[in-house]
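>>> Fold the following, please.
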Amino acid sequence: MFWKTKSLVPSKPRNRSYPIIQIENLLYMKEFHFVKASFLLILCFTLQFSFGQQPHELLVTEIMADPTPTKGLPEKEYLELYNASNRTLQLSDYLLHYNTFQTNIPHKLISPNEYIILVRKGNEVGFEEFGNVVSLPKLSLINGGTVIRISKGNRTVFEVTYKSDWYAEDRDQGYSLEMIDLNYPCVGQKNWTSSESSDGGTPGELNAAARTNPDNIPPELLFFDAEISGKLSFNFNERLDTNAIKIRSNYTLPERNTIENVVISADENSFTLMMSNPLIENELIDISMKNMTDCSGNVADDINLTLGNLPPTDSGSVVLSEILFNPKLGGGDYIELYNRSDDLVSLKSWSFGNLNADGEMDDLERITDFNLLLKPTSYLVFTEDELFLRDFYADYQKESVVVVPKLPSMRNTDGTIFLLNSDREVFDRFDYDEVFHHPIIDDKGGISLEKKNLDINSNVSENWQSAAAEVEFGTPGYKNSQGNQTEADNERVWVEPLVFTPNGDGLDDESFLNFCFVKAGNVLNARVFTISGVPVKLLAENKILGTSGKLMWNGTDSSGNELPVGYYVVIADIFNPDGITERYKKKVVLGRLN
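Numbering: from 1, shown residues only. Have a look, this model is predicted:
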């Protein structure tokens, strides 16, 4: 790791090769091929110019794509190059690619830790005072973003795809984009930001945005796919170490299969494995991957997957089970699906849709283009905003969340949601309305509608209910709070433990009022009374319940003061959806052990 300052020369970035080096899990792609080992290696080769170069010896560290209006610099586009190696490089050995163009970089040497300013020929005036300037026959950058790549021969040395949303707020026009930490040149948006210089940029010198910004997060598999031909595709959330991808021993396949070919995408975020045998219909295969490493050297945990060639599923096996169409401010909609069959279901090319003003199906949004598997009797929730689910719902389960680019638009009051399979056949439909919420709810924002009985048609309005309060009014990706119980004898209220001692020893420090009902949508009022009938603690007021749950009492009154030991009575009034009120009285003993 290094930190750039005016007087301090950066230390050598990581993963370089030197005449004498200690090799630990290093994998070289071109001149040398080393196996996994830990030993001291002495290189005794005589090379014409340099030792085996690594992919990031020459970097683009600053991009001025939109210089108008100027903040003090020449009102011209420029790129800043930086020699991140320990060797003098010849720039004419490299090609610069941008947009759909490419150009040779003129003959010039660049020393280790040196910067070069690239401008279009004729735009040199005004840049000489900032450092060494090299002019190109052409240079025209796109304000909204494009790919910039440096190559040497058939090898990509550096690549970045900048975008307009990389700029800091109110620091776009007239400001450059600067790399934050040169130790992590392959990291995208997280390692770039607007220049903090009052001039709008720092061509030829230390970036104003420079600071320690390590990438310590391993790559994450976003999705995977399997084709009948035996082609397996994997897509990760960031650029990978291509050497790790090519090592066949990093993969474990079924015995009858071997890997015949590995193809890596141009952006190095995804790759495909071609197996020696095609997939058999209805066949599921297990595949494991290890040592999947990003370009910063972070290694992911071993990945174990099940892929398959699955037949089309029967209509009715997958249903809409919950929707949030009126989220709280700052939140996002979500749609939940449930697989009520005993079979794995692939959701590849399935879609959500809605109705337009003319009553026609519209706004179809594909769920996924890969074999996303929905397991039997399991849930998946689809959203544009995973952070909202993670931060708002205590029982958030990442493995059940699928982030999609776009959901169909859903009005906050009423509307229609369709679920369509890959053949555009309607699998399910829900004509939702805010009046389906519990009548006691005034502010319906942020409260989902849950299906109570997953075996009943989705357009039976009585089969939908507001999610319970104790689950933060939503259960995205897991069991609905309003799911019906199947045994009538489960309909009861009880206190447990009957004797509790809130002394902080971790044993029976609280007592719980538990409930379990056949029907959903009950409303609870509950208070704690002394044995003489004096109310001391409000546990719930007009609380919408699921079919099961519990409330906690820690032995304090409504002001938080500790109550004396003795007998207390919990009175719970339950108002059920049929208009019937039931009262439960439960004794509890508060004790205090020293």
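>>> Which of the three states applies to Phe224?
Put simply, Phe224 is strand when judged by DSSP: H, G, I helix; E, B strand; the rest coil.
>>> which residues does it bridge with?
Phe234 (DSSP bridges).
>>> pretty sure it is touching Leu232, no?
Yes - Phe224 lies in contact with Leu232 (Cβ atoms under 8 Å); the separation is 7.0 Å. For every residue, glycine as well, the C-beta is placed using N, CA and C.
>>> can you pull out the helices in the chain?
Ranges of helices in the chain, per DSSP state H, are 242-246, 386-392.
>>> Counting neighbours, what do you get for the residue lying closest to Pro405 once chain neighbours are set aside?
Leaving aside its sequence neighbours, Pro405 sits nearest to Glu384 (Cβ to Cβ, 6 or more residues apart in numbering; 7.2 Å). If you count neighbours by other Cβ atoms under 10 Å, Glu384 ends up with 14.
>>> what's near enough to touch Glu384?
By Cβ atoms under 8 Å, 6 or more residues apart in numbering, the contact set of Glu384 is Gly332, Asp333, Val403, Val404, Pro405, Lys406, Leu407.
>>> Filter the residues you listed down to just the ones in strands.
In strands, judged by DSSP state E, the following of these are found: Val403.
>>> Need the contacts of Glu384 in TSV (columns: pLDDT and distance to Val157).
Formatted as TSV, these follow (pLDDT from 0 to 100; distance: Cβ to Cβ, whole Å):
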residue	pLDDT	distance to Val157
Gly332	90	39
Asp333	93	43
Val403	89	32
Val404	90	35
Pro405	88	31
Lys406	91	36
Leu407	93	40
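>>> any idea which of the contacts of Glu384 is closest to Ser92?
Pro405 (42.0 Å; Cβ to Cβ).
>>> for the helices of the chain, which one ends up most surrounded?
Mean neighbour count (mean count of other Cβ atoms under 10 Å) peaks for helix 242-246 among the helices of the chain, with a mean of 18.
>>> Can I get that helix as CSV, trimmed to CA atoms?
The C-alpha coordinates for helix 242-246 follow below in CSV (Å, rounded to 0.1, in the frame of the first residue of the first chain):
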residue,chain,number,x,y,z
THR,A,242,-7.6,-14.3,-15.3
ASN,A,243,-4.8,-16.7,-14.3
ALA,A,244,-6.9,-18.1,-11.5
ILE,A,245,-9.8,-18.7,-13.9
LYS,A,246,-7.6,-20.7,-16.3
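>>> Against which helices or strands is it packed?
Judged by 3 or more Cβ pairs under 8 Å, 6 or more residues apart in numbering; DSSP states H and E, helix 242-246 is in contact with strand 259-264.
>>> Quick one: list the elements packing against the strand it packs on.
Judged by 3+ Cβ pairs under 8 Å, 6+ apart, strand 259-264 is in contact with helix 242-246, strand 270-275.
>>> what about the shortest one, distance to the chain center?
Here the centre of helix 242-246 is set off from its chain's centre by 24 Å, with Cα atoms, centre = their mean, to the nearest Å.
>>> Identify the spatial nearest neighbour of the spatially most central residue of the chain, chain neighbours not counted.
In the chain, the residue lying closest to the centroid (Cα atoms, centre = their mean) is Glu386, at 6.5 Å. Spatial nearest neighbour of Glu386, chain neighbours left out: Val403 (4.9 Å); criterion: Cβ to Cβ, 6+ apart.
>>> Quickly list what the closest residue to Val119 other than its chain neighbours is bridged to.
Spatial nearest neighbour of Val119, excluding adjacent residues (Cβ to Cβ, 6+ apart): Tyr78 at 4.9 Å. Beta-bridge partners recorded for Tyr78 (DSSP bridges): Met64.
>>> List the contacts of Tyr78.
Glu62, Met64, Pro67, Ile117, Leu118, Val119, Asn123, Phe127, Leu139, Ser176, Gly201, Pro203.
>>> if I look at it, how far off is Arg390?
40 Å (Cβ to Cβ, to the nearest Å).
>>> And for Ile116?
Distance, Ile116 to Arg390, by Cβ to Cβ: 43 Å.
>>> One more: Ile285?
Distance of Ile285 to Arg390, given as Cβ to Cβ: 32 Å.
>>> re the thing from before, ok, the residue nearest to the centre of the chain touching Val401?
Yes - using Cβ under 8 Å, Glu386 is in contact with Val401, at 5.5 Å.
>>> Make CSV out of the helices of the chain and add distance to Ala357.
Shown next, in CSV, are these (distance: least, Cβ to Cβ, whole Å):
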stretch, distance to Ala357
helix 242-246, 49
helix 386-392, 28
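>>> Could you export those as CSV, including distance to Tyr94 and mean pLDDT?
CSV is the format used below for those (distance: least, Cβ to Cβ, whole Å; pLDDT from 0 to 100):
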stretch, distance to Tyr94, mean pLDDT
helix 242-246, 19, 92
helix 386-392, 39, 86
